[in-house]
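>>> Any chance you can model this:
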Amino acid sequence: MALVQRTPTLFLSFEATQTLRDCHRVAPKDNGTLLRDAVTEARSYALWDYAGLATRDRKALEARLEELQRCDPGAKVSEDAFVAAVIHGARDGV
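Residues are numbered from 1 along each chain as shown. Here you go, the predicted structure:
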């Protein structure tokens with residue numbers, strides 16, 4: 001996977017974090033969840049306005065998801081690793 005530039009930590013509400021977990025759970029599975037599929041689900045989620053995010057945080061979240069979309073398309077991630085990648089940015093092994 002290509003490393004993504006170190007980015008600031010996102011501080012997300014409990015509801016937003018749970019929504020990311022839900023997006024990971026509904027992403028297509030084939031012996032694991034691909035990072036790109038989890039990101040696609042999160043980007044297509046239509047109810048972010050109800051997940052306790054301010055406009056500024058919503059923009060930061062969208063930028064982070066866009067950043068992760070460019071990572072290794074074959075990378076598989078666990079639910080926890082996906083949430084951590086969104087909150088902290090991509091790291092080696094994501």
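
>>> Spit out the contact partners of residue 14.
Residues near residue 14 by Cβ atoms under 8 Å, 6 or more residues apart in numbering: residue 52. Where C-beta positions appear, they are placed from N, C-alpha and C, glycine not excepted.

>>> Kindly report the same for the one 3 residues further on.
Residues near residue 17 by Cβ under 8 Å, 6+ apart: 83, 87.

>>> doesn't it fall inside a helix?
Yes. Checked against DSSP: H, G, I helix; E, B strand; the rest coil, residue 17 lies within a helix.

>>> And the helices in the chain?
Under the criterion DSSP state H, helices of the chain are mapped to 14-26, 35-44, 55-69, 79-88.

>>> residues in contact with the last one?
Taking contacts as Cβ under 8 Å, 6+ apart, the residues outside helix 79-88 that touch it are 9-10, 12, 17, 20-21, 24-25, 33, 35, 38, 42, 61, 64-65, 68, 77, 91, 94.

>>> Next: the second one.
With Cβ under 8 Å, 6+ apart as the test, helix 35-44 has contacts from 19-20, 23-24, 26-28, 62, 65-66, 68-69, 71-73, 75-77, 82, 85-86, 94.
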